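*Asks:* build me a model from this:
(one chain, ligands or ions: 1)
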Amino acid sequence: MDRILIRGGARLSGEIRASGSKNSTLALMAAALLADGEVILRNVPRLRDVETMLEILRALGASADWAEGDEQSLRIDPAALNQPEAPYDLVRKMRASFMVLGPLLARFGSARVSEPGGCAIGVRPVDQHLKGLAALGAKIQLDHGYVEATAAELRGGRVAFDLTTVNGTQNVMMAATLARGETLIENAAREPEVVELAAVLGAMGAEIEGAGGDRVVIRGVESLSGVEHTVTGDRIEAGTLLAAGLVTGGDVRVTGVKPVFMESTLEKFREAGADIETDEGTARIRMAGPLQPLRAVTAPFPGFPTDMQAQLMAVLTLAEGSSVVVEQVFENRFMHVPELQRLGADISVSGRSAHIRGVPRLMGAPVMATDLRASAGLIVAALAAEGDTVVNRVYHIDRGYERIEAKLRALGAEIEREK
Ligand code: UD1
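*Replies:* Now for the predicted structure:
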């Protein structure tokens, strides 16, 4: 199993390009199932989660692969879809695969998708996805760990989510594009990835209004066409690279992102003492002087993203004073805390709050990645620690970060992957 070795202390500087957004890509790959024709996605990150989604699309009978001669593009053609069942072995690897349910149901009138089950960061049920599809007329049954959904014909309806769910909003939005009549989603997630999905569905011929707000209206159409789309830069990867610049007292510019989607993250970096400059497609962070403590509470967009929580906490371990980080989105997303403590961080957790008392220095140590963003947090901390850190179980990182060690090395980090 691969490990990542980091010798901390190098000040990061330079310019690096963010890859395409993992979360947007996964939703768009599911949306491709709705097309009558080929969907081409460009600027796709080469990640394990994308490979998993490709496997799922193929298991459903679609043709889906990397485009020849273009390392970052996917070609997906659902013409040969013949098997509306997403198997446990694939779905359990990645919860996002549950997003094929809506499109399959809309296309076939029936679908069978394994329940994703629990995962390291909490229970993460799919009740809201199912509630939404039921409001469109689907009959839902649970059968031996599988969700079976059927609908002779989906019809528009009113879906009022009890909480904001990103993939739930996307799942229902996709199903509604081919339903008869109008669907209203209330309490919709407002994440940029929802907006991007709505835009691409629109380019395929769907009629969607209001994406980016909490009320989205979808008027069903007969069919959707193929489309070509370039995926937006990954705001979480970009935020992670900026956090690495911040914690090492560096000067890092990330290109290929839209800083307007990163405001709450950039605001926290400013509070921590960084100087931030942005233009339409880049964000630059410069840090001189001591790190300032702060309070951060995760929340759905436009709030501070839960996917940046571990990386921010890693930065705050070295602040001059005490910080508080409250995790409101997921119930068990502090697995990085014991690992950060191994590096010398002073953190105590009570319920959904973590209290971080800044220490003057962290010391390298062997640590273990427990989930995707937790591992990103460990890497950020290790870059600032004295001496060597070995991060084990890096397959978690490979789910969501493209060549992270190469990118950080390009910025001056001493980091290597050991096979
Ligand atoms: C997406 C992102 C993930 C991010 C999360 C929150 C993808 C592939 N993943 O995940 O990176 O961390 O948004 O920004 O886009 N919930 C329910 N019932 C449901 C659905 C969700 O109770 O049916 C709860 C979850 O357990 C969680 C909260 O709602 O506590 C938010 O989850 P949700 O927004 O659905 O996260 P995902 O869409 O799975």
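
*Asks:* interface residues of the stretch 301-419 of the chain facing the ligand?
*Replies:* With C-beta under 6 Å from any ligand atom as the criterion, the stretch 301-419 of the chain comes near the ligand at residues Thr306, Asp307, Val329, Phe330. (C-beta placed from N, C-alpha, C; glycine too.)

*Asks:* go again with 5 Å.
*Replies:* Counting by C-beta under 5 Å from any ligand atom, the residues of the stretch 301-419 of the chain lying close to the ligand are Thr306, Asp307, Phe330.

*Asks:* export those to TSV and append columns for neighbour count and secondary structure.
*Replies:* TSV is the format used below for those (neighbours: other C-beta atoms under 10 Å; DSSP: H, G, I helix; E, B strand; the rest coil):
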residue	neighbour count	secondary structure
Thr306	18	helix
Asp307	24	helix
Phe330	18	coil
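
*Asks:* please pick out the residue of the chain most distant from its centre.
*Replies:* Centroid-distance maximum for the chain: Ala152 at 33.0 Å, with C-alpha atoms, centre = their mean.

*Asks:* export the residues of the stretch 301-419 of the chain next to the ligand to CSV and tack on distance to Thr25?
*Replies:* Output for these, formatted as CSV (distance: C-beta to C-beta, whole Å):
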residue, distance to Thr25
Thr306, 19
Asp307, 15
Phe330, 21
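
*Asks:* dump the residues you listed to JSON lines, plus pLDDT.
*Replies:* As requested, those are exported to JSON lines (pLDDT from 0 to 100):
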{"residue": "Thr306", "pLDDT": "98"}
{"residue": "Asp307", "pLDDT": "97"}
{"residue": "Phe330", "pLDDT": "92"}
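
*Asks:* between these, which is nearest Glu405?
*Replies:* Of all those, Glu405 sits closest to Asp307, with 19.9 Å by C-beta to C-beta.

*Asks:* gap between the closest residue to that closest one other than its chain neighbours and Thr25?
*Replies:* Spatially, and ignoring its direct neighbours in sequence, Asp307 is nearest to Ile236 (4.6 Å; C-beta to C-beta, 6 or more residues apart in numbering). Per C-beta to C-beta, to the nearest Å, Ile236 is found 12 Å from Thr25.

*Asks:* of the two, who's got more company?
*Replies:* Shown here are Ile236 and Thr25; by other C-beta atoms under 10 Å, Thr25 has more neighbours (27 against 24).

*Asks:* please see if the helix or strand containing the more buried one touches the ligand.
*Replies:* Assessed by DSSP states H and E, Thr25 sits inside helix 22-31. Yes. Using C-beta under 5 Å from any ligand atom, we find that helix 22-31 touches the ligand at Asn23, Leu26.

*Asks:* can you show me the CA trace of that helix as CSV?
*Replies:* The C-alpha coordinates for helix 22-31 follow below in CSV (Å, rounded to 0.1, in the frame of the first residue of the first chain):
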residue,chain,number,x,y,z
LYS,A,22,-14.5,15.9,-8.3
ASN,A,23,-17.9,16.4,-6.9
SER,A,24,-19.2,18.2,-10.1
THR,A,25,-17.7,15.4,-12.3
LEU,A,26,-19.5,12.7,-10.3
ALA,A,27,-22.9,14.4,-10.6
LEU,A,28,-22.3,15.1,-14.3
MET,A,29,-21.4,11.5,-15.0
ALA,A,30,-24.7,10.4,-13.5
ALA,A,31,-26.5,13.0,-15.5
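
*Asks:* tell me the SS of the residue farthest from the centre of the chain?
*Replies:* At Ala152, secondary structure determined by DSSP: H, G, I helix; E, B strand; the rest coil is coil.

*Asks:* neighbours of the closest residue to it other than its chain neighbours, how many?
*Replies:* Residue nearest to Ala152 in three dimensions, not counting chain neighbours: Gly109, with 6.1 Å by C-beta to C-beta, 6+ apart. Using other C-beta under 10 Å, Gly109 has 15 neighbouring residues.

*Asks:* then Glu186?
*Replies:* Other residues lying near Glu186 total 11 when counted by other C-beta under 10 Å.

*Asks:* any residues of the stretch 101-250 of the chain in contact with the ligand? List them.
*Replies:* Residues of the stretch 101-250 of the chain lying near the ligand by C-beta under 5 Å from any ligand atom: Arg124, Pro125, Val126, Asp127, Gln128, His129, Thr165, Val166, Asn167, Gly168.

*Asks:* pretty sure the fifth one sits in a strand.
*Replies:* No. Per three-state DSSP, Gln128 lies outside any strand segment and is helix.

*Asks:* does it touch Thr164 like I think?
*Replies:* No. Between Gln128 and Thr164 there is no contact under C-beta atoms under 8 Å: 9.1 Å.

*Asks:* if we can go back for a sec, hmm, the residue farthest from the centre of the chain is touching Leu105, no?
*Replies:* No. Counting by C-beta under 8 Å, no contact exists between Ala152 and Leu105, whose distance comes to 11.1 Å.

*Asks:* list phi and psi for Ile140.
*Replies:* The phi/psi pair for Ile140 (degrees, to the nearest 10) reads phi -120, psi 130.

*Asks:* beta-bridge partners for it, please?
*Replies:* Ala149 (DSSP bridges).

*Asks:* list the residues that contact it.
*Replies:* Contacts were defined as C-beta atoms under 8 Å, 6 or more residues apart in numbering; by that measure Ile140 touches Leu130, Leu133, Ala134, Val147, Glu148, Ala149.

*Asks:* now for the residues you listed: which two are most distant?
*Replies:* Spanning the widest gap among these are Ala134 and Glu148, at 12.4 Å by C-beta to C-beta.

*Asks:* and those two? Which one has more around it.
*Replies:* Neighbour count, other C-beta under 10 Å: between Ala134 and Glu148, Glu148 has more, with 18 against 15.
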